[in-house]
Structure formats: C-alpha cells, structure tokens
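Asker: fold the following.
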Amino acid sequence: MKVYSGGFTAEHLYRNELKIVASLQLQGMSKQAIKEKVFEENIFHCRSEAAMKDIFPRVYRRSEKLDDVLRTMLVNGSRSDNNAILLYVFLKHFKFPRDFVLEVIHYNKNRFKQTITDGNVHTFFEEKEQQYEEVRKWTAQTKAKLKQVTLKILVDGELLVKNGNEYEMKSIPLSKELREYVERNPQYSDLLTLTLND
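Answerer: Numbering: from 1, shown residues only. The predicted structure is shown next:
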C-alpha cells in the first residue's frame with residue numbers, strides 16, 4: 001500500500017472547471033450527463049479532446065468530496081471561500097501536499113513563524129525520503145516538479161504569498177457562513193486546519 005503518490009505533477013486548482021461541475025451537479029445532472037456536456041460544448045475551453053479526457057476525471061473526483069451546501073458556496077461565494085474550498089478538495093485528494101501543509105505550514109504557524117523557506121521545503125522532502133521507499137524512488141525531476149506544483153497551488157489558493165526567496169503564510173479568510181457550516185459538520189472540520197483557521 002503506497003502512502004504517497006507522485007501523481008499530481010500536472011494538477012491545478014481548476015477554479016473555473018470545478019465551479020462549472022459543481023453548478024451542473026446542483027442542477028441534478030448525473031456524472032454521465034455532465035461529461036457529455038463538457039465534451040460536446042467544450043465548456044472547460046480545452047484545446048483538445050485529449051486535454052478534456054485528462055482534466056474531466058481530475059475535476060470530477062474532487063467535486064465528489066463536496067456536498068450541495070459547499071458546492072453552492074463554491075459557485076456563489078466570495079473568492080476567499082472559493083480558495084478555501086478549492087484548496088480543501090485538492091489537499092483531501094493528495095496526501096503529499098496535505099502533509100506538507102500540516103507538517104510545515106501549520107507547524108510553523110503554531111510556532112508563530114510567518115514564513116517558510118526553500119530550506120523548509122527541502123527538509124520536508126528529505127524527511128519523507130527517509131520515511132518512505134516510494135519517495136526515495138522518485139527522480140530528482142519528479143521531486144522538483146512536485147515541489148513546484150505544490151507551492152504554485154498553495155500560492156494560487158492564497159495560502160502562501162511568494163516574497164523573494166520565501167513564502168509568507170496567510171490564513172484564508174472564511175465567511176461566517178462557511179466557517180459555521182464546517183464547524184457544524186465534522187466531516188469537513190479539517191477545512192479549518194488546512195486553511196489555517198483553527
């Protein structure tokens with residue numbers, strides 16, 4: 001059983017695509033109906049069918065982690081709530097960047113540090129190499145790409161702000177509505193932790 005997968009080297013936040021899928025799910029459309037609409041009308045604005053085939057399952061898998069209340073907040077909510085929900089579904093899906101957020105960003109925040117450095121990132125990768133054989137097997141190129149994708153998604157989601165050679169950590173501001181909803185629904189309570197709101 002693999003602890004970590006390096007299979008997120010081509011991932012993004014998929015802000016528009018997830019909003020589109022969530023909106024269609026709220027209209028009661030089935031996965032098959034949504035897929036047909038995406039492919040027939042190219043509502044993801046992909047350059048090729050191959051790109052659509054690649055992106056659709058990635059986006060749909062993440063959308064399944066949300067209930068209709070969170071889908072509605074994703075479709076109609078503020079940019080900050082969007083960021084929180086988009087980051088949450090990405091981090092729920094991929095354990096390696098999730099552990100990075102918990103073990104580096106969250107850990108530093110709890111020690112009142114405001115920034116993380118390349119050194120922090122490098123140390124995290126080294127520790128994982130020592131702990132897990134599958135990480136040791138990743139090529140230097142894969143590791144560099146995973147680091148780049150992880151940091152880019154966290155910057156796009158506005159959890160990190162690049163500042164020279166460092167990254168400033170920011171909690172994502174949540175609306176009262178989103179905060180209260182996740183507090184009332186324990187299955188989503190880690191959204192608060194992953195967005196530095198706990």
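
Asker: buried residues in stretch 137-156, which are they?
Answerer: Residues 138, 143, 145-147, 149-151, 153-154, 156 are the ones in stretch 137-156 that count as buried (16 or more other CB atoms under 10 Å). Just so you know, the C-beta spots here come from the backbone N, C-alpha and C atoms, and that holds for glycine as well.

Asker: quick one: which of those sit in strands?
Answerer: Of the buried residues of stretch 137-156, none are assigned to strands by DSSP state E.

Asker: any idea which of those residues is closest to residue 61?
Answerer: Distance to residue 61, by CB to CB, is smallest for residue 153 among the buried residues of stretch 137-156, at 15.5 Å.

Asker: what is the end-to-end distance of stretch 99-107?
Answerer: End-to-end span of stretch 99-107 (CA to CA, to the nearest Å): 11 Å.

Asker: gap between it and the chain center?
Answerer: 14 Å (CA atoms, centre = their mean, to the nearest Å).

Asker: likewise for stretch 88-100?
Answerer: Its chain's C-alpha centre and that of stretch 88-100 lie 6 Å apart, by CA atoms, centre = their mean.

Asker: could you give the average pLDDT over the strand or helix carrying residue 92?
Answerer: In this assignment (DSSP states H and E), residue 92 forms part of helix 79-93. Averaging pLDDT along helix 79-93 gives 96.

Asker: and that helix, what does it pack onto?
Answerer: On a contact count with 3 or more CB pairs under 8 Å, 6 or more residues apart in numbering; DSSP states H and E, helix 79-93 meets helix 15-26, helix 49-63, helix 68-76, helix 95-100, helix 140-156, helix 176-184, helix 190-194.

Asker: got the buried residues for it?
Answerer: Buried residues in helix 79-93, counted by 16+ other CB under 10 Å: 81-93.

Asker: let me know the closest of those residues to residue 36.
Answerer: Residue 36 has its nearest neighbour among the buried residues of helix 79-93 in residue 89, at 22.9 Å by CB to CB.

Asker: what sits against that closest one?
Answerer: Residues near residue 89 by CB atoms under 8 Å, 6 or more residues apart in numbering: 18, 62-63, 65-66.

Asker: from those, which single one is nearest residue 30?
Answerer: residue 63 (12.7 Å).

Asker: the spatially closest residue to the closest one that is not a sequence neighbour and residue 81, how far apart?
Answerer: In this structure, residue 63 finds its nearest non-sequential neighbour in residue 21, 4.6 Å apart by CB to CB, 6 or more residues apart in numbering. Residue 21 sits 17 Å away from residue 81, going by CB to CB, to the nearest Å.

Asker: for the protein, give me the ranges with low pLDDT.
Answerer: 1-2 (pLDDT under 70).

Asker: could you chop it up by domain?
Answerer: 11-64, 79-194 (automatic domain parsing).

Asker: now render the ones you listed as JSON lines, adding distance to residue 73.
Answerer: Converted to JSON lines, the domains of the chain look like this (distance: least, CB to CB, whole Å):
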{"stretch": "domain 11-64", "distance to residue 73": "9"}
{"stretch": "domain 79-194", "distance to residue 73": "5"}
